[in-house]
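In: I would like the atomic coordinates for the input below:
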Amino acid sequence: MANITPTVLGLPSTELAYVAASAGGDVILNNNGRTYLVVKNTSGAPRVVTVDSQHDCDQGFDHDEVATLQDGEEHVLGPWPVSRFQSSVDVTYDDEAGLSIAAFRA
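Out: Purely as a prediction, here's the structure:
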């Protein structure tokens, strides 16, 4: 499990720093609620990424953000309100092989 600090977007243009997804998941710093995670799948198989919600949404349910990526797909997950996901977001993978991730915040 790795702790990931998001890249801050700004001018001039900013290049995202991709890293391999960690076995056991990753923790993304989410101190402003405007954090996003880009996930690329080059595994040759579908992958499921889960972002763990810590509290109920405004409708009274505690549901995670879940994305299924087919081979070759790239998804952007987030942003995560601090009230639901807290200042550190736990991200897990059904299998981390072939997944690259990059976190950024606006």
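In: quick one: contacts for residue 77?
Out: Residues counted as contacts of residue 77 (CB atoms under 8 Å, 6 or more residues apart in numbering) are 36-39, 49, 51, 65, 67. Any C-beta I mention is one placed from the backbone N, CA and C, and that applies to glycine too.
In: In three-state terms, label residue 28 for me.
Out: Three-state assignment for residue 28 (DSSP: H, G, I helix; E, B strand; the rest coil): strand.
In: Can you tell me the element the residue nearest to it when sequence neighbours are not counted falls in?
Out: Nearest residue to residue 28 in three dimensions, chain neighbours excluded: residue 89, at 4.5 Å (CB to CB, 6 or more residues apart in numbering). Using DSSP states H and E, residue 89 sits within strand 88-93.
In: Mind listing the residues bridging to the residue most central in space within the chain?
Out: Note on the chain: the residue nearest the mean C-alpha position is residue 37, at 3.7 Å, using CA atoms, centre = their mean. Beta-bridge pairing of residue 37 under DSSP bridges involves residue 77, residue 103.
In: That one and residue 4, how far apart?
Out: Here the criterion is CB to CB, to the nearest Å. By it, residue 37 lies 8 Å from residue 4.
In: list residues touching both of those two?
Out: By the contact definition CB under 8 Å, 6+ apart, residue 37 and residue 4 are jointly contacted by 28, 101, 103.
In: Would you confirm that the first one contacts residue 85?
Out: So that's residue 28. No - using CB atoms under 8 Å, residue 28 is not in contact with residue 85, being 9.2 Å away.
In: of these two, who's got more company?
Out: Ranked by neighbour count (other CB atoms under 10 Å), residue 28 and residue 85 place residue 28 first, with 26 against 23.
In: Show the contacting residues for the more buried one.
Out: Contacts of residue 28 (CB under 8 Å, 6+ apart): 4, 6, 35, 37, 88-89, 91, 103.
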